[in-house]
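Asks: Quick check, what structure comes out for this input:
(one chain, ligands or ions: 1)
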Amino acid sequence: MQHVCALADVPADEGLRIASVTPPIAVFRTEDGEVFALDDTCTHQDASLADGWVEDCWVECPLHGSRFHLRTGAVDAPPAKLPVRTHRVEVRDGEVWVALSLPDLRPDLQGVPDEH
Ligand code: FES
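Replies: Numbering: from 1, shown residues only. Coordinates of the predicted model:
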């Protein structure tokens with residue numbers, strides 16, 4: 001696992017972009033105090049999900065409004081069609097650690113961001 005930020009750096013119901021890993025990830029903290037990490041870049045176009053709106057364990061893309069589930073990475077509706085990767089998170093002594101998931105190599109998930 002790698003250290004990515006302090007929990008205090010992640011406001012409740014908001015995301016924090018972590019650009020020190022490639023590709024960048026976004027760490028989210030819900031109002032209930034749960035912490036999640038997803039790939040930061042929307043699978044539709046080049047938008048940062050850390051800038052999105054968090055509600056009920058979903059983050060809404062700030063550009064066109066597809067929502068991604070914080071626990072599974074699943075997308076709810078177009079224009080995005082592909083899920084984002086999720087990453088395992090542990091919070092220890094107020095610090096956030098993440099185990100990055102491997103890229104999903106299934107051909108149907110080879111997401112080149114959609115240009116439409
Ligand atoms: S860039 Fe995220 S839905 Fe379009």
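Asks: Which residues are in contact with Ala26?
Replies: Shown in contact with Ala26 (CB atoms under 8 Å, 6 or more residues apart in numbering): 15-18, 37-40, 48-50, 59. Every residue, glycine included, has its C-beta placed from N, CA and C.
Asks: same question, Phe36
Replies: Per CB under 8 Å, 6+ apart, neighbours of Phe36: 27-30, 70-71, 86, 89.
Asks: likewise Asp76?
Replies: With contacts defined as CB under 8 Å, 6+ apart, Asp76 is in contact with 58, 66-69.
Asks: Could I have the buried ones of those residues as PyMOL selection syntax?
Replies: Buried residues within the contacts of Asp76, by 16 or more other CB atoms under 10 Å, are selected in PyMOL with:
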select buried, resi 58+66+67+68+69
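Asks: how about the contacts of Asp76, which pair is most distant?
Replies: Using CB to CB, the contacts of Asp76 span at most 11.1 Å, a distance reached by Ser66 and His69.
Asks: Need the residues touching each of those two.
Replies: In contact with both Ser66 and His69: 75-76, using CB under 8 Å, 6+ apart.
Asks: element containing the closest residue in space to His44 that isn't next to it in sequence?
Replies: Excluding its sequence neighbours, the residue lying closest to His44 (CB to CB, 6 or more residues apart in numbering) is Ala80, at 3.8 Å. Here Ala80 sits in a region with no helix or strand, counting by DSSP states H and E.
Asks: Flag the shaky bits of this protein, pLDDT-wise.
Replies: 104-116 (pLDDT under 70).
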